[in-house]
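Asks: Sequence first, then the predicted structure:
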Amino acid sequence: MKRRLLLAIPLLLFIALAALLYRGLSLDPSSRDSALLARDFPAFSLSSLEDPEARLDASLLKGQVTLVNVWGEWCPTCKQEMPQLLDLAARDVRLIGVDYKDSREKGRAFLEEFGNPFEVNLFDPEGELGFDLGVYGAPETFLVDADGVIRYHHTGYITPEDVTETIMPEVRKWQ
């Protein structure tokens, strides 16, 4: 009887561990909320992609509702979402880009090829701002209110449906 119990313990532990791993693997990482919601956008001092001499900081995000989109030339889904970002810009949504872990030349070439919906692009080659935002990949988009507070976070590719069903309602809500 004792021997059967001793043999059953590892089996039960294995089943419990397998169930835990199965549960973890079935979670959607893109549905996670940002820890920065309802907090000030992180402080930064970065150059713009267009002008290496221009220093920009978080004051750039004060005064009007802004979508901050983290993108990179190396990111295939960033290319796919560019039509939606161009659509948002055409709807008079203010967009600021963060060229994340990229080279200046590749970032500029990307915008030349796919279009540039951004009022300005912050150049974040080391990923420092991305780290402060908790970005784990591109694209990621943050809605920042006129006071510089993060109000919404979208992880991953913005679909055309996301524009009409989620992004535009959130922009209107915070304007």
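Replies: Yes, it's here. Residues are numbered from 1 along each chain as shown.
Asks: can you give me the helices for the protein?
Replies: Applying DSSP state H to the chain gives helices spanning 2-25, 76-90, 104-114, 128-133, 160-162, 168-174.
Asks: Can you list the helices and strands that the fifth one packs against?
Replies: If I follow you right, that is helix 160-162. Judged by 3 or more Cβ pairs under 8 Å, 6 or more residues apart in numbering; DSSP states H and E, helix 160-162 is in contact with helix 76-90. In short, each C-beta sits where N, CA and C put it, glycine included.
Asks: what's the helix it packs on in contact with?
Replies: Around helix 76-90, the neighbours that count as contacts under Cβ atoms under 8 Å, 6 or more residues apart in numbering are 67, 69, 71-72, 95, 110, 114-115, 117-118, 138-139, 156-160, 162-163, 167-168.
Asks: from the chain's centre, how far out does stretch 140-157 sit?
Replies: 8 Å (Cα atoms, centre = their mean, to the nearest Å).
Asks: Show the low-confidence segments of this protein, by residue range.
Replies: Scanning the chain for pLDDT under 70 picks out the ranges 1-13, 16-35.
Asks: Try it again at 90.
Replies: Within the chain, the stretches with pLDDT under 90 are 1-38, 136-137.
Asks: Check whether V171 really touches L143, as I assumed.
Replies: Yes. Counting by Cβ atoms under 8 Å, L143 is a contact partner of V171 at 6.7 Å.
Asks: Identify the contacts common to those two.
Replies: In contact with both V171 and L143: 65, 67, using Cβ under 8 Å, 6+ apart.
Asks: what's the nearest residue to the most centrally placed residue in the chain if we skip its chain neighbours?
Replies: Taking Cα atoms, centre = their mean as the criterion, E140 is the residue nearest the geometric centre of the chain, at 1.6 Å. Nearest non-adjacent residue to E140, counting by Cβ to Cβ, 6 or more residues apart in numbering: V70, 4.6 Å away.
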